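Trainee: Here is a sequence together with a model predicted from it:
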Amino acid sequence: MAGARRPGRNFLFVPGPTDVPDRILRAMHVPMEDHRSSDFPKLTKPLYEDLRKIFKTKDGQVVIYPSSGTGAWEAALTNTLSPGDKLLAARFGQFSHLWIELAKRHGLEVIVQEEEWGTGVNPDRIEEALRADKGHEIKGVLVVHNETATGVTSNVAAVRRAIDAAKHPALLYVDGVSSIASLDFRFDEWGVDLAITGSQKGLMLPAGLGIVCASQKALAAMKDAKCRRAYFDFGDQMRANATGYFPYTPALPLLYGLRESLAMLLEEGLENVFARHHHLAGGARAAVEAWNLRLCAKEPKWHSDTVTAIMVPPGFNGADVIDRAYRRYNLALGAGLSQVAGKLFRIGHLGDLNELMLLGAIAGAEMAMRDVGIEVEFGSGVAAAQAHFRGAQAARETKVAAE
């Protein structure tokens, strides 16, 4: 009946926000304090050191904003560019589209390379465009590392190689909102100039922190950048951050949560975190194959390890699967967005997650699909994921024994 209590826990399997672990919830349950006290830097200064480890950078400058990832998008652009500057961007999903539109609103000219949704950035096209830009009018290249709308991960290292091959000075801007702290990300090695993430995905926190990592080259670009900025000004932040403070009131509970999140990630070990996400994603993809459905990602090279976007058969609406899963089984699945609205549903598998939790989501998705008339065999996806998980575990045990 309407308004009745729903027992048990909601199964949150959208690709963000992700579940917040109890350990982080407890860490965030703190009284308010004076954020200008002499003790406050004891909380903040170690955050920047540990975030550098997450970004895999030695010299990158990390800035934390009370904002969503969208605020971090804006900060990265406005601090390093001037109105009228040209950017080169590949558009292959809703979030690459939104970042492009944000850039345009700031008076930036964006040269858009349209790619088929279900694919990602094309480094060859990036290199070709940069080689043609003899006057180096293009000031930056925008790349969404992991496009959650379609379940696609792009090769950032290949984009850096393309920029270098063209001998072009453009800055490399990377949206890592749904990849950083879940997928391997190498700021220094890949030559990233500005990387953006948010708190609500791999960092396992509520939404509310936008985080930017800027290279020394990006910081040098600030000197000539004339885009208007106030709240998102790097200079204000960095001057205050150097002594452990903020230019305005920070999101205190989220900072305590971030401290615990970083501790958890580093305790598990980043390489283990990446391997776990790859392992879980393999189980999700095995389930899709067993259902005789297909992924939105066109080829295995595009497969995301944080979200699986599953195409529904012709004549069905992915929104119906999502609504049924939520209302009947208390399972939250991701919706199709923009060009793929109604054509798919998404299972997010990032953050604080293990095999049994994902098996529950796969089982719920099976029931919801059957309820709306999609003929998948009960237990087929669950069994395929189980076989994948057990097989991968057996292989690991065999490898360890051999060593």
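Mentor: Received it, and whenever you're ready, just let me know what you need. Residues are numbered from 1 along each chain as shown.
Trainee: Give the other helices and strands that the helix or strand bottoming out on mean pLDDT in the chain contacts.
Mentor: Ranked by mean pLDDT, DSSP states H and E, the helix or strand of the chain with the weakest confidence is helix 380-402, at a mean of 84. Secondary-structure packing of helix 380-402 (3 or more C-beta pairs under 8 Å, 6 or more residues apart in numbering; DSSP states H and E): helix 270-290, helix 355-371. In this view, the C-beta of every residue, glycine as well, is placed from N, C-alpha and C.
Trainee: any chance of those helices in CSV, with distance to residue 237, mean neighbour count and mean pLDDT too?
Mentor: Compiled in CSV, the helices and strands packed on helix 380-402 are given as follows (distance: least, C-beta to C-beta, whole Å; neighbours: other C-beta atoms under 10 Å; pLDDT from 0 to 100):
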stretch, distance to residue 237, mean neighbour count, mean pLDDT
helix 270-290, 25, 20, 98
helix 355-371, 36, 20, 98
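Trainee: rewinding a little: how about the least confident helix or strand of the chain: buried residues?
Mentor: 380-386, 388-389, 392 (16 or more other C-beta atoms under 10 Å).
Trainee: As a check, name the ranges of all helices in this protein.
Mentor: Secondary structure of the chain (DSSP state H): helices located at 22-28, 41-55, 69-78, 94-105, 123-132, 156-165, 216-221, 234-241, 252-268, 270-290, 318-329, 355-371, 380-402.
Trainee: Go through the ones you listed and name the closest to residue 195.
Mentor: Closest approach to residue 195 among the helices of the chain (C-beta to C-beta): helix 41-55, 6.0 Å.
Trainee: Show me the contact partners of the closest one.
Mentor: Outside helix 41-55, the residues that touch it by C-beta atoms under 8 Å, 6 or more residues apart in numbering are 58, 60, 62, 64, 180-181, 185, 187, 195, 211, 213, 241, 243-246, 250, 255-256, 258-259, 262-263, 265-266, 270.
Trainee: chain center to it, what's the gap?
Mentor: Chain-centre distance of helix 41-55: 20 Å, with C-alpha atoms, centre = their mean, to the nearest Å.
Trainee: Nearest to residue 6, out of the helices of the chain?
Mentor: Short answer: helix 318-329, nearest of the helices of the chain by C-beta to C-beta, at 9.7 Å.
Trainee: Tell me the buried residues in that closest one?
Mentor: Neighbour-count burial for helix 318-329 [16+ other C-beta under 10 Å]: 318-322, 324-326, 329.
Trainee: Could you do stretch 237-249 as well?
Mentor: Applying 16+ other C-beta under 10 Å to stretch 237-249 flags 237-238, 241, 244-246 as buried.
Trainee: Just put these in CSV and tack on pLDDT and distance to residue 217.
Mentor: Formatted as CSV, the buried residues of stretch 237-249 follow (pLDDT from 0 to 100; distance: C-beta to C-beta, whole Å):
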residue, pLDDT, distance to residue 217
237, 96, 18
238, 96, 16
241, 96, 20
244, 96, 26
245, 97, 26
246, 97, 25
